[in-house]
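K.L.:
task: produce atomic coordinates for the following.
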Amino acid sequence: MRLFKYSRLDFLLTCVGLVFLLLDIVLDIVAVVAFYQERAYASLGILLLLLLGSSVLVQAFSWLWYSYDRFKRTTKVESCLTKGQLKLLHMLQLGIYFRHAGVVEVSLGSSSKVTDSEGIAVYLSHDLSMLRLIETFSESAPQLVLMLTIMLQRGDLQPITVLKALGSASAVAFSVTMYHRSMRSFLPEKEKQPGLSSVVYFLWNLFLLSSRLVALALFASVLPCFIFAHFLSSWAVLSFFAWRSKTDFMDSAWGERLYRATVGLIWYFDWFNVSKGRTRYRTLLYHAYMLVDVALLCALWGWQMSTEPPGLEVVGVGGGVVGLYVLGLVLKMLYYRCCHPNVAKGELGGDPGGDPIVERQCTDEIDVIVCLASIEAPAGEDQADEGVAVDRSGPREPPSVTRGCNKRMRKLAENFYS
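P.N.:
The predicted structure follows:
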């Protein structure tokens, strides 16, 4: 039973995402070498901390999800590794690359063990889009703030900083777009949500993120020591609200705590819906807080710059950053009014609403194999004469069944489309 459709565009975007990932690694190495040669040890230390911390965080989520799935591996790339080898790869910070390779393999139909290759590809790409989103807000966004801060402090445009800033901006924009497309795959009929919705979604995220990142960079350029205090205090408050939201995303208590702390990190840069039901007032409260914070950061930057003869450029820059955030809010309201469908829980693809087969597919990995086998088996192949018991103990290729519904991402889809 095929629940999802993996289009050529999705495959192309996955390949482009892998290219961006490899390019980002190359730029990271170049940036580290450049900072070392310039003896900018403070910037080098911050960059290494961001790279290492983000990598450990992403690999931790990847490993936890493998453990939640009981280390079921449905691709040749993954199947060639034992549990110990898979753990070693994650310790070496290489686990996410095998996830990319698995999606590419299944998309090309190279795995002979999988009967529903499209469903497997969508399942793997769902997890991959979430991992990329986590990496974006734990590495790419902070790196972009760092590079912008360096450019503002130096007053010149170094090729490496400009290149790394462009690379980080591309990674941020691409990851939010991929997450949006991943949520769209849960819609039963994608054509009801035209491609223009992805464009509007990309634009309002771009405006909101750009305003937020520039405001942080302006503040850090004049008060570099206080930016860490600002982050820690804001992250603590946002993580508390994430804990109060009573999220239910991970399958373990420690995993859920890690997820809520990560949500606080994401909220430091952009809104991320983690609760079911209507969250209009929480969203309004969040954006009001962010708008005030952006305005305050720009005001503090302008106040520090006023030690010199004040100019209209200071007021123009600060007002432009705040205005860009307001423009992003306007586009966001336009998106939710015209482009964002409100889908009931039972209407999501892969949702158990009203279908006991799908429900058991997502909740019971053993009984569903027997249940689906009795429905999908060809006539005469697996059916016995009347009064004769049917033996269904043979192998039924469980990967093609248990991978049909990604419970983690379905929860996010329920939040996204509620």
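K.L.:
need the helices for the stretch 51-200 of the chain, in chain order.
P.N.:
76-79, 83-91, 95-107, 117-135, 141-154, 159-184, 196-222 (DSSP state H, counting those that start in this stretch).
K.L.:
and S233, which of these is closest to it?
P.N.:
Closest approach to S233 among those (Cβ to Cβ): helix 196-222, 13.4 Å. All C-beta atoms are positioned from the backbone trio N, CA, C, and that covers glycine.
K.L.:
for C225, what are phi and psi?
P.N.:
Per-residue torsions, C225: phi -70, psi -30 (degrees, to the nearest 10).
K.L.:
and it, how many neighbours?
P.N.:
By the criterion of other Cβ atoms under 10 Å, C225 has 7 neighbours.
K.L.:
from W303, how far out is it?
P.N.:
16 Å (Cβ to Cβ, to the nearest Å).
K.L.:
quick check: W254 vs A261, distance?
P.N.:
With distances taken as Cβ to Cβ, W254 is found 11 Å from A261.
K.L.:
out of these two, which sits in the more crowded spot?
P.N.:
Neighbours were tallied for W254 and for A261 using other Cβ under 10 Å; the higher tally belongs to A261 (16 against 9).
K.L.:
pLDDT averaged over the strand or helix carrying that one - what is it?
P.N.:
Using DSSP states H and E, A261 maps to helix 253-267. Mean pLDDT, computed over helix 253-267, is 94.
K.L.:
and it, what does it pack against?
P.N.:
Helices and strands touching helix 253-267, by 3 or more Cβ pairs under 8 Å, 6 or more residues apart in numbering; DSSP states H and E, are helix 41-68, helix 117-135, helix 226-244.
K.L.:
could you give the angle of the first one to helix 95-107?
P.N.:
Using axes from the mean of the first three to the mean of the last three Cα atoms, to 10 degrees, the direction of helix 41-68 lies 50 degrees away from that of helix 95-107.
K.L.:
buried ones in helix 41-68?
P.N.:
Within helix 41-68, the residues scored as buried using 16 or more other Cβ atoms under 10 Å are 43-44, 46-47, 50-51, 54-55, 57-66.
K.L.:
which positions within stretch 172-188 qualify as buried?
P.N.:
For stretch 172-188, by 16+ other Cβ under 10 Å, it's 172-187.
K.L.:
output the lowest mean pLDDT helix or strand found in the protein.
P.N.:
Within the chain, confidence by mean pLDDT, DSSP states H and E is lowest for helix 367-376 among all helices and strands, at a mean of 34.
K.L.:
shouldn't F35 be in contact with S43?
P.N.:
Yes - if you go by Cβ atoms under 8 Å, F35 and S43 touch, sitting 5.1 Å apart.
K.L.:
about what we covered before: and the contacts of the helix holding A261?
P.N.:
57, 60-61, 64, 68, 133-134, 137-138, 235-236, 238-243, 245, 247-250, 272, 274, 286 (Cβ atoms under 8 Å, 6 or more residues apart in numbering).
K.L.:
swap the cut-off to 6 Å and go again
P.N.:
Contact with helix 253-267 is made by L64, F137, W235, L238, S239, A242, W243, T247, F249, M250, F272, V274, as judged by Cβ atoms under 6 Å, 6 or more residues apart in numbering.
K.L.:
not counting residues beside it along the chain, what's closest to the third one?
P.N.:
If you skip the residues right next to it in sequence, W235 has G264 as its closest partner in space, 5.1 Å away by Cβ to Cβ, 6 or more residues apart in numbering.
K.L.:
how many neighbours does the one you found have?
P.N.:
There are 20 residues near G264, going by other Cβ under 10 Å.
K.L.:
roughly how far apart are it and L152?
P.N.:
27 Å.
K.L.:
and what of Y66?
P.N.:
According to Cβ to Cβ, Y66 and L152 sit 42 Å apart.
K.L.:
next up, the contacts around E135.
P.N.:
The contact partners of E135, taken as Cβ under 6 Å, 6+ apart, are S54, V58.
K.L.:
using the record's assignment, carve this structure into domains.
P.N.:
Listed by automatic domain parsing, the domain ranges of the chain are 1-180+354-418, 194-340.
K.L.:
comparing the ones you listed, which yields the minimum mean pLDDT?
P.N.:
Among the domains of the chain, domain 1-180+354-418 carries the lowest mean pLDDT (a mean of 69).
K.L.:
returning to what we had before: could you give the angle of the helix holding A261 to helix 41-68?
P.N.:
Using the same axes, to 10 degrees, helix 253-267 lies at 140 degrees relative to helix 41-68.
K.L.:
show me what counts as buried in helix 253-267.
P.N.:
G255, E256, L258, Y259, R260, A261, T262, V263, G264, L265, I266, W267.
K.L.:
over to stretch 22-39?
P.N.:
D24, L27, D28, A31, A34, F35.
K.L.:
from the residues you listed, pick the one nearest G328.
P.N.:
Checking the buried residues of stretch 22-39 against G328 by Cβ to Cβ gives D24 as the nearest, at 24.3 Å.
K.L.:
angle of the helix or strand where the closest one lies against helix 141-154?
P.N.:
Using DSSP H and E, D24 sits in helix 8-37. Going by the same axes, to 10 degrees, helix 8-37 is angled at 40 degrees with respect to helix 141-154.
K.L.:
so which elements touch helix 8-37?
P.N.:
When contacts are defined as 3 or more Cβ pairs under 6 Å, 6 or more residues apart in numbering; DSSP states H and E, helix 8-37 packs onto helix 41-68, helix 95-107, helix 159-184.
K.L.:
let me have those helices in a markdown table, adding distance to D293 as columns.
P.N.:
Below are the helices and strands packed on helix 8-37 laid out as a markdown table (distance: least, Cβ to Cβ, whole Å):
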| stretch | distance to D293 |
| --- | --- |
| helix 41-68 | 21 |
| helix 95-107 | 31 |
| helix 159-184 | 19 |
